[in-house]
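**Student:** need coordinates for the following:
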Amino acid sequence: MKMSKPSRNRSTLLLLLLAIICLLYSNIEAEPLTASPPPLSIFNPAFGPSTVPVEIVNVAPDGGTASLESGTVITVPAEAFVDSSGQPIKEAVDLIIREYLNPIETWLDGVPMTMDDDRVLRSAGMMEIRGTTQDGRQVELAPNKTLQLDWYSVDENPGYVTWALDTATGIWTETGTANTIDTRDLRVELAQAEAALPPRTEPVSPNRFAFDIGDMTGKQPELARYKGVQFVPVERKKCGHDATRIEVEPITDGLGGSFAVKFIVDTILSARFKASSFDTTTYRSSWRVDTTTVCRCNMALPPGANDRLNARVQKLLNGDTDRKRQKGLDEAIELWTEYNEKVERQFLAGLLRPNHLPKQLDRPGRIPQRSMQLNQLGWVNCDIEIPYPTEVDLVAEFVDSSGNPIVVENVAVLELETRTLFPCKDNRIRLDAHQHNAVFGYVNGQVAYLDDETISQLISAVDPQSILIHTATISDLQAPSTTIARLILGS
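**Tutor:** Below you'll find the predicted structure:
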């Protein structure tokens, strides 16, 4: 059944709100001392303490690598850390890490992403990373030491650069450290591997020189695979004879589909004779016969061959290349499946999945992987500057269903396709009407949002505009079949 556009958009908004509540509760048991962001005024979390998961990895003094649940790999050099006085740390260090993998996580934790009144930062990967010794002493990166981050991305734009956040001012600054992206196109890799394999070979037509082989000795059960198969001599002349042993080997000279059929005579013959017609004594003589006749042949199917025999001949002709082809496909699907699992949080319940990524796990696509060098701990980000949209520009005065004014905090516009979060300072809503937008904030512990119909009717205005905003409690979000479903789905 095809869903109409309004219903599809309403369902998307419902999923967005459900994703928010999932993030709110995903780390409810986290340890407060490590889970909460720094108690600084630059952060304005929507619902209290951070909901973004915290991971702690232990790094030995001689360095090594650590893998996070998201698939991010951190490479640490030897003797990478110093204490507050600059003295080298000779013991293991715990890295306390919080990754921000989608715009909603950024919004929930109130991380400042606005550059000025006209620009925001779009993130392709953000992290808060701190280090402590086993006894709780804070550590920093030693001079001339860097950490390397490698992680899966869902954005192939090469324009992202590395930024660091000054937690005293809330200002992001470019660091100048290396930031690269490498994209593997699994479809291209499979096509290249396919092109390197021999072309598929089809059986030839039998002719009057065709023959079959079998085992009449009971000593060569391996010949049973050729039962019913016709061999056609390439030289188009009679070849082959009875033998004590028959061997079949594929010929790998690039011509494809040819087999060497070896007829091996390996036996001892004997005879009785008399020296002369006058000799009354009968003598016995024996000699060894050891000869091999090789016939280069193609395979053929006899007339009227059934599907089972046809499949067996196809396996004999193409089995090795088919196995290589399937192995390559299996490895690509395994990597593609791993990629999808690792970037699930970036997709935000599928809402932010880029259109260029096929959803079928049996159809591998492109896998971007980013690398970033860090020369300091703290808040680091892989960002690109994005200007605010200008098509719609207005200041909202939010009201509830009774027309009463309502104060909404942290209002933001999220472009789902571009994964860009535009904070709405002083309720100034700016958006591109051609994009799929969500507009939301929070009020008194509730999620506040505009429905899709209201968003579609927003136009630029000089004077403040009265706009109806809906709210949903945590309970509503946990039970979408009740109030929130009626508000969004109209049912």
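
**Student:** tell me where the stretch 201-350 of the chain has strands.
**Tutor:** Remark: strands assigned in the stretch 201-350 of the chain by DSSP state E, counting those that start in this stretch are 230-233, 245-250, 258-274, 282-300.

**Student:** lowest confidence element among the helices and strands of the chain?
**Tutor:** helix 32-35 (a mean of 37; mean pLDDT, DSSP states H and E).

**Student:** give the other helices and strands that whichever helix or strand comes after that one contacts.
**Tutor:** Using DSSP states H and E, the helix or strand that follows helix 32-35 towards the C-terminus is strand 54-59. When contacts are defined as 3 or more Cβ pairs under 8 Å, 6 or more residues apart in numbering; DSSP states H and E, strand 54-59 packs onto helix 32-35, strand 64-67, strand 93-100. Bear in mind the C-beta positions are built from the backbone N, C-alpha and C, glycine included.

**Student:** strand partners of strand 54-59, parallel vs antiparallel please.
**Tutor:** strand 93-100 (antiparallel) (DSSP bridges).

**Student:** from the chain's centroid, how far away is the helix or strand following the strand it pairs with?
**Tutor:** Sequence order places helix 103-108 as the next helix or strand after strand 93-100, per DSSP H and E. Its chain's C-alpha centre and that of helix 103-108 lie 22 Å apart, by Cα atoms, centre = their mean, to the nearest Å.

**Student:** distance check, R370 against A124.
**Tutor:** 6 Å (Cβ to Cβ, to the nearest Å).

**Student:** now do E55
**Tutor:** Distance from E55 to A124, by Cβ to Cβ: 19 Å.

**Student:** picking up where we left off before, shared neighbours, R370 and A124?
**Tutor:** Residues touching both R370 and A124 by Cβ atoms under 8 Å, 6 or more residues apart in numbering: 153, 160, 382.

**Student:** just give the number of residues close to the last one.
**Tutor:** The tally of other residues near C382 (other Cβ atoms under 10 Å) stands at 24.

**Student:** who touches it in this structure?
**Tutor:** 123-126, 160-163, 179, 370, 372.

**Student:** give the bridge partners for it, please.
**Tutor:** T162.

**Student:** how about E397?
**Tutor:** Counting by DSSP bridges, the residues bridging with E397 are S466.

**Student:** isn't it up against Q465?
**Tutor:** Yes. In this structure E397 lies within contact range of Q465 using Cβ atoms under 8 Å: 6.6 Å.

**Student:** of those two, give the one with the bigger neighbour count.
**Tutor:** Using other Cβ under 10 Å as the criterion, E397 and Q465 rank with Q465 on top: 16 against 13.

**Student:** excluding sequence neighbours, find me the nearest residue to that one.
**Tutor:** Nearest non-adjacent residue to Q465, counting by Cβ to Cβ, 6 or more residues apart in numbering: L394, 5.2 Å away.

**Student:** what helix or strand is the one you found on?
**Tutor:** Going by DSSP H and E, L394 is in strand 392-399.

**Student:** from the contact counts, what lies against that strand?
**Tutor:** Counting by 3+ Cβ pairs under 8 Å, 6+ apart, the packing neighbours recorded for strand 392-399 are strand 428-431, strand 465-468.

**Student:** what residue ranges in the stretch 1-150 of the chain are flagged as low confidence?
**Tutor:** For the stretch 1-150 of the chain, residues meeting the criterion pLDDT under 70 lie at 1-40.

**Student:** same question for the stretch 251-400 of the chain.
**Tutor:** Short version for the stretch 251-400 of the chain, where the test is pLDDT under 70: 253-256, 268-289, 349, 356-358.

**Student:** tell me the centre residue of this structure?
**Tutor:** For the chain, the residue nearest the mean C-alpha position is Y339 (1.8 Å; Cα atoms, centre = their mean).

**Student:** contacts only, for the residue lying closest to that one once chain neighbours are set aside.
**Tutor:** Residue nearest to Y339 in three dimensions, not counting chain neighbours: I367, with 5.0 Å by Cβ to Cβ, 6+ apart. Counting by Cβ under 8 Å, 6+ apart, I367 makes contact with 152, 183-186, 335-336, 339.

**Student:** tell me the bridge partners for I367.
**Tutor:** R184.

**Student:** okay, now G86: neighbour count?
**Tutor:** Neighbour tally, G86, other Cβ under 10 Å: 9.

**Student:** just confirm it is within a helix.
**Tutor:** No. Secondary structure of G86 (DSSP: H, G, I helix; E, B strand; the rest coil): coil, not part of a helix.

**Student:** gap between it and I213?
**Tutor:** From G86 to I213 the distance is 82 Å (Cβ to Cβ).

**Student:** who's in contact with I89?
**Tutor:** I89 sits next to 61, 79, 81-83, 133, 139 when contact means Cβ under 8 Å, 6+ apart.

**Student:** what do you get if the cut-off is 7 Å, keeping everything else the same?
**Tutor:** I89 is in contact with 81-83, 133, 139, counting by Cβ atoms under 7 Å, 6 or more residues apart in numbering.
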